[in-house]
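> no letters, just coordinates:
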DNA sequence: GTGGTCTAGACCACA
DNA sequence: GTGGTCTAGACCACG
């Protein structure tokens, strides 16, 4: 695996966001076991401490649960997943709209340029 | 003035973005003189070093020009403003689309939720 | 049964404390036979190792006794029960007082707030 | 300074609790500057990383605020202090009562034994 | 100077 | 085996 990381954002957070994305997209199931700290560290090519931090952050968010000596698991509460998806999406949109307004783009223009952007191309889906 | 700053993003960058926004929106004219480093530092309630950095960043972007002994000015090249506006806007949209796809939102849904968000309300225009 | 456990405290200790509580409250009699390690493990929904540890801890405290080939029993010494109750109680009070003093609550206030707390309500008796 | 730490509880949490206690008791004022991470590490005789963690925890609780490049400060919101004191106290009492009930002590007895404990002596105020 | 992140390596408690 | 804590030491961005 050994993904690469943007230098601007902390690695531990990038990994956390990646996990959340996979969870929200359904690539990780609720209640599913995550790789152990050490395992994930190797997969991601980082130090175990960094993963520890990632998992810690996610646990505080209620996204994962750690069971002593057994490993860490995605939360089993499906409701968390729903809530997560909605709030993240809303936050993204809100941020985007605010940014666009910030540079003087009118609301009706926003729709237009987004549509235009989507039509023009860019098959890159991350 | 003494604005407040989000703790997550570097202050010098927040100020830089604010200036660019004002420029792109036409609140600052091309060729207009900017406050001196000290003056701006006082206005913003931050350390002069921070403004120094802001101006440095903006100069590297070609957005401002410093004339020895006269002060710092917004670039006079109207073309820069145009280019700036387009590239920033494209970057915002690109980032937004990528984020939305990241959490599994299909392209045709993106348009919908944006429209919905704009209609639903939020009179706060920054 | 399959009780749930607080994640903050070791499971083996939580179970030990539960047994001691039941003993001190008279729900378990002196000399009474305890479930086997396996049995208890199933009842509690935990790993037998964990119960092993619980029993080991309790034995070191002199609260239970294991008779080879017969099983594990609550101690028959009634005196242990008495001593246990007193020492646990004292320890709890001592800890509590110390905590309250730690945040600056004066001794005469402690009594008051406890009384107040008891009167105010909370029918939840564990 | 170089205090000693109980082995059972994480050092970073013990330090956090000590700071909170001092804050609630008024030994640290709202808005007061705390020692830098390195400074505090030396004072406490631990690794800077440990203090980093302490400060991180406290910041998440809203007890302290970090200002980039300037240091970390006790929150200026006096309301946090009040809320903190009340909630900590309530939690302590709740825990205590629950413990006492757990070993079969009746409510009216609880008051008595606490009073008795306070009268009997123990001038040790930590 | 400040806090923030990361690595390497170790030890521990727990299941 | 698992996660949790801690140290030592390094580098970086920020003000």
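Looks like it came in fine. Bear in mind that the values here come from a model prediction, so they are computed numbers and not experimental data.

> give me the residues contacting the helix or strand where residue A:51 lies.
Taking DSSP states H and E as the criterion, residue A:51 maps to helix A:48-60. Helix A:48-60 has contacts (CB atoms under 8 Å, 6 or more residues apart in numbering or on different chains) with A:11-13, A:15-16, A:19-20, A:34, A:37-38, A:40-41, A:44, A:64-66, A:72, D:60. All C-beta spots, glycine's among them, are computed from the backbone N, C-alpha and C.

> list the residues that contact residue A:21.
By CB under 8 Å, 6+ apart, the contact set of residue A:21 is B:102, B:103, B:104.

> just to be sure, it is in a helix?
Yes: counting by DSSP: H, G, I helix; E, B strand; the rest coil, residue A:21 is part of a helix.

> residues from chain A in reach of chain C?
Taking CB under 8 Å from any CB of the partner chain as the criterion, chain A approaches chain C at residues A:65, A:66, A:67, A:68.

> for ChimeraX, what selects the buried ones among those?
The buried residues among these can be selected in ChimeraX (16 or more other CB atoms under 10 Å in any protein chain shown) with this line:
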select /A:65,66
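
> just the residues of chain A next to chain C now: which is nearest chain B?
Using CB to the nearest CB, residue A:65 comes nearest to chain B of those, at 21.5 Å.

> next up, the contacts around that closest one.
Contacts for residue A:65 (CB under 8 Å, 6+ apart) come out as A:59, A:72, A:73, A:74, A:75, A:76, C:7.

> returning to that earlier point: is the helix holding residue A:51 in proximity to DNA strand F?
Yes: residues of helix A:48-60 contacting DNA strand F under CB under 7 Å from any atom of the strand: A:48, A:49, A:52, A:55, A:56, A:59.

> strands paired with the helix or strand following that helix, and their directions?
As assigned by DSSP H and E, the chain's next helix or strand after helix A:48-60 is strand A:64-67. The strands beside strand A:64-67 in its sheet (DSSP bridges) come out as strand A:71-74 (antiparallel).

> residue A:4 falls within a strand, correct?
No: assessed with three-state DSSP, residue A:4 is coil; it does not lie in a strand.

> and it, how many neighbours does it have?
Neighbours of residue A:4 under the rule other CB atoms under 10 Å in any protein chain shown: 7.

> which non-adjacent residue is nearest residue A:118?
Spatially, and ignoring its direct neighbours in sequence, residue A:118 is nearest to residue B:107 (5.2 Å; CB to CB, 6 or more residues apart in numbering or on different chains).

> residue contacts, residue A:62?
Counting by CB under 8 Å, 6+ apart, residue A:62 touches A:75, A:77, A:80.

> quick check: the most centrally placed residue in chain A vs residue A:31, distance?
Nearest residue to the geometric centre of chain A (CA atoms, centre = their mean): residue A:17, 2.7 Å. According to CB to CB, to the nearest Å, residue A:17 and residue A:31 sit 21 Å apart.

> how about the residues of chain A by DNA strand F?
Going by CB under 7 Å from any atom of the strand, the residues of chain A near DNA strand F are A:34, A:36-39, A:48-49, A:52, A:55-56, A:59, A:66, A:68-72.

> again, only this time at 10 Å
Within reach of DNA strand F by CB under 10 Å from any atom of the strand, chain A has these residues: A:7-8, A:33-41, A:47-49, A:51-56, A:59, A:64-73.

> so which of these also contact DNA strand E?
Among the residues of chain A next to DNA strand F, the ones lying near DNA strand E by CB under 10 Å from any atom of the strand are A:7-8, A:37-38, A:41, A:47-49, A:51-54, A:67-71.

> what residues sit buried inside the helix or strand hosting residue A:41?
If you go by DSSP H and E, residue A:41 is part of helix A:37-44. Across helix A:37-44, burial judged by 16+ other CB under 10 Å covers A:37, A:40, A:41, A:44.

> over to stretch A:104-120?
For stretch A:104-120, a neighbour-count test (16+ other CB under 10 Å) marks A:105, A:110, A:114, A:117 as buried.

> again with stretch A:54-70
By neighbour count on 16+ other CB under 10 Å, the buried set for stretch A:54-70 is A:54, A:55, A:56, A:57, A:58, A:63, A:64, A:65, A:66.

> with stretch A:17-32 instead?
For stretch A:17-32, the neighbour count (16+ other CB under 10 Å) marks A:17, A:19, A:20, A:21, A:22, A:23, A:24, A:28 as buried.

> for the closest residue to chain D within chain A, give its distance to residue A:28.
Closest residue of chain A to chain D, CB to the nearest CB: residue A:60 (7.4 Å). The span separating residue A:60 from residue A:28 equals 18 Å under the rule CB to CB.

> just residue A:16 next, same as before
Plainly put, residue A:16 is 13 Å away from residue A:28 if you go by CB to CB.

> equivalent analysis for residue A:112, please.
36 Å.

> residue A:76 too?
Relative to residue A:28, and taking CB to CB, residue A:76 is found at 12 Å.

> if you skip the residues just before and after it, what's nearest to residue A:48?
The shortest distance from residue A:48 to any non-neighbouring residue, by CB to CB, 6+ apart, is to residue A:41 (4.2 Å).

> these two touch, right, that neighbour and residue A:47?
Yes: the criterion here is CB atoms under 8 Å, and residue A:41 meets it with residue A:47 at 6.2 Å.

> pLDDT of stretch A:85-95, averaged?
Throughout stretch A:85-95, pLDDT has a mean value of 95.

> count of neighbours near residue A:96?
As a burial measure, residue A:96 scores 21 neighbours (other CB under 10 Å).

> and it, what element?
Per DSSP H and E: helix A:78-102 holds residue A:96.

> give me the contacts around that helix.
Contacts with helix A:78-102, where a contact means CB under 8 Å, 6+ apart, come from A:20, A:23-24, A:30, A:62-63, A:75, A:107, A:110, B:21, B:25, B:89, B:92-93, B:96, B:99-100, B:103, B:105, B:113-114, B:117-118, B:122, B:125-126.

> distance check, residue A:17 against residue B:107.
Noted for residue A:17: a distance of 21 Å to residue B:107, by CB to CB.

> try residue A:46
33 Å.

> same deal with residue A:96?
Distance from residue A:96 to residue B:107, counting by CB to CB: 15 Å.

> one more: residue A:21?
Computed with CB to CB, the distance linking residue A:21 and residue B:107 is 17 Å.

> can I see the domain layout of chain A?
Listed domain ranges for chain A are A:11-76, A:79-120 (source: automatic domain parsing).

> run the chain-centre distance for the last one.
Okay, so that is domain A:79-120. Mean-position distance between domain A:79-120 and its chain equals 17 Å (CA atoms, centre = their mean, to the nearest Å).

> what is the end-to-end distance of that domain?
One end of domain A:79-120 to the other measures 37 Å (CA to CA, to the nearest Å).

> residue in chain A nearest to DNA strand E?
Relative to DNA strand E, the nearest point of chain A is residue A:69 (2.4 Å; CB to the nearest atom of the strand).

> ramachandran angles for that residue?
When quoted as degrees, to the nearest 10, the phi and psi of residue A:69 stand at phi 70, psi 0.

> report pLDDT for it.
89.

> what's the answer for residue A:2, then?
Looking at residue A:2, its pLDDT stands at 56.

> the one 4 residues further on now?
pLDDT for residue A:6: 86.

> which one is it nearest to, not counting chain neighbours?
residue A:14 (6.5 Å).

> next, the angle helix A:48-60 makes with the helix or strand hosting the one you found.
Assigned by DSSP H and E, residue A:14 falls within helix A:11-24. Calculated by axes from the mean of the first three to the mean of the last three CA atoms, to 10 degrees, helix A:11-24 forms an angle of 50 degrees with helix A:48-60.
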